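S.K.: Task: produce atomic coordinates for the following.
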Amino acid sequence: MSGAAIQGGDGTLQRVADVVARLQEIEASAPPSDGVVCFARLYREVTQAVDDELRGRSAGDPGFVQRLDLRFAGLFFDALGAFERAPATAPRAWAPLIEARSRRGIAPLQFALAGMNAHINRDLPVALVTTCSELGLALDDDSVEHRDYERVDALLAQVERRVKASYLTGPLATIDRILHRLRRLDDVVAMWDVGRARDAAWTNARALWALRGEPELADAFVLALDRTTGLAGRGLLIPADTALERFGRLVRGGLSRVGPATRA
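M.R.: Predicted structure coming up:
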């Protein structure tokens, strides 16, 4: 399979602690309202919580779980680096989030879920195939690795719900939900389910695994996945209408009905 379809991620990541440290650097690099920072916060909190949960439990193949975590995170860091160097070379799945990271009218929860959309729907199948190729494993539904993957699914769903709720509770979140239409945020939440996304990622990884001997088809498959994921990301980032924006439109509408002489 060609390198265009399968990327190994950042080889400097050796432990989950390295991933957490890199995410903390991203969080400190821009204001809390920045879209990439919103996703990095969610990703870090989920990573730490799942790692804490797994630490006291035995995985069937701990080497696989750790390698997958590192390869998976590396693809996000690679995407950020590519956008900084040459945006046209970066995965299109990440374009909606990175391009809209400073746009007003988008709630933090929308940014966080758009990042999860790109990371799970586009990056996770690639990371699964990369990890199994490196470790000489088969990407099989009956494997120990798939059982570990499903175990993480259950943990991740619990943690993700808890962390996602933190965007919708507390004083700051209350203000945000007043400013942003509740219906829009509820629609965004309803659009996203981490369990279904990870199920689809495993299926797409198996399809990509079956294309190992067809590099051109493998590249085309990843490209199609990249584009459709990017399209979904744009849907998640449709700006929520704010009270301030509505007021501004009313003011502009009123002024447009007043003649120049009257305004003068």
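S.K.: Any idea which helix or strand in this structure has the lowest mean pLDDT?
M.R.: helix 260-263 (a mean of 46; mean pLDDT, DSSP states H and E).
S.K.: which stretches of the stretch 151-264 of the chain have low pLDDT?
M.R.: 163-164, 167-191, 240-264 (pLDDT under 70).
S.K.: what about the helices in it?
M.R.: 170-179, 182-191, 194-210, 215-236, 243-256, 260-263 (DSSP state H, counting those that start in this stretch).
S.K.: Report the contact partners of Thr12.
M.R.: Going by C-beta atoms under 8 Å, 6 or more residues apart in numbering, Thr12 touches Asp18. (Each C-beta comes from the backbone N, C-alpha and C, glycine too.)
S.K.: helix/strand/coil for it?
M.R.: Three-state assignment for Thr12 (DSSP: H, G, I helix; E, B strand; the rest coil): coil.
S.K.: Quick check: pLDDT value at it.
M.R.: Looking at Thr12, its pLDDT is 71.
S.K.: quick one: contacts for Asn117?
M.R.: Contacts of Asn117 (C-beta under 8 Å, 6+ apart): 93, 192, 197, 229, 232-233, 236.
S.K.: I meant to write Glu27 there.
M.R.: 37, 40-41, 44.
S.K.: again, only this time at 10 Å
M.R.: Shown in contact with Glu27 (C-beta atoms under 10 Å, 6 or more residues apart in numbering): 34, 36-41, 43-44.
S.K.: Out of those, which sit inside helices?
M.R.: In helices, defined here by DSSP state H, the members of the contacts of Glu27 are 36-41, 43-44.
S.K.: Out of the residues you listed, grab the one that's most surrounded.
M.R.: The residue in the ones in helices among the contacts of Glu27 with the most neighbours, by other C-beta atoms under 10 Å, is Phe39 (28 neighbours).
S.K.: Tell me who's in contact with the closest residue to it other than its chain neighbours.
M.R.: In this structure, Phe39 finds its nearest non-sequential neighbour in Gly115, 2.8 Å apart by C-beta to C-beta, 6 or more residues apart in numbering. Residues near Gly115 by C-beta under 10 Å, 6+ apart: 35-36, 38-43, 76, 94, 96-98, 101, 233, 236.
S.K.: Please repeat the previous calculation with a cut-off of 7 Å.
M.R.: 39, 42-43, 97 (C-beta atoms under 7 Å, 6 or more residues apart in numbering).
S.K.: Which of these scores worst on pLDDT?
M.R.: Leu42 (90).
S.K.: Leaving out the residues flanking it, which one is nearest to that residue?
M.R.: Spatially, and ignoring its direct neighbours in sequence, Leu42 is nearest to Ala112 (4.2 Å; C-beta to C-beta, 6+ apart).
S.K.: Would you quantify the distance from the one you found to Ala127?
M.R.: 20 Å (C-beta to C-beta, to the nearest Å).
S.K.: what helix or strand is Ala17 on?
M.R.: helix 16-28 (DSSP states H and E).
S.K.: Tell me the buried residues in that helix?
M.R.: 16, 19-20, 22-23, 26-27 (16 or more other C-beta atoms under 10 Å).
S.K.: Quick one: these as JSON lines, columns for distance to Leu155 and pLDDT too.
M.R.: Shown next, in JSON lines, are these (distance: C-beta to C-beta, whole Å; pLDDT from 0 to 100):
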{"residue": "Val16", "distance to Leu155": "14", "pLDDT": "91"}
{"residue": "Val19", "distance to Leu155": "16", "pLDDT": "95"}
{"residue": "Val20", "distance to Leu155": "17", "pLDDT": "95"}
{"residue": "Arg22", "distance to Leu155": "22", "pLDDT": "96"}
{"residue": "Leu23", "distance to Leu155": "18", "pLDDT": "97"}
{"residue": "Ile26", "distance to Leu155": "23", "pLDDT": "97"}
{"residue": "Glu27", "distance to Leu155": "23", "pLDDT": "97"}
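S.K.: quick check, nearest of those residues to Ala138?
M.R.: Nearest to Ala138 among these is Val16, at 24.9 Å by C-beta to C-beta.
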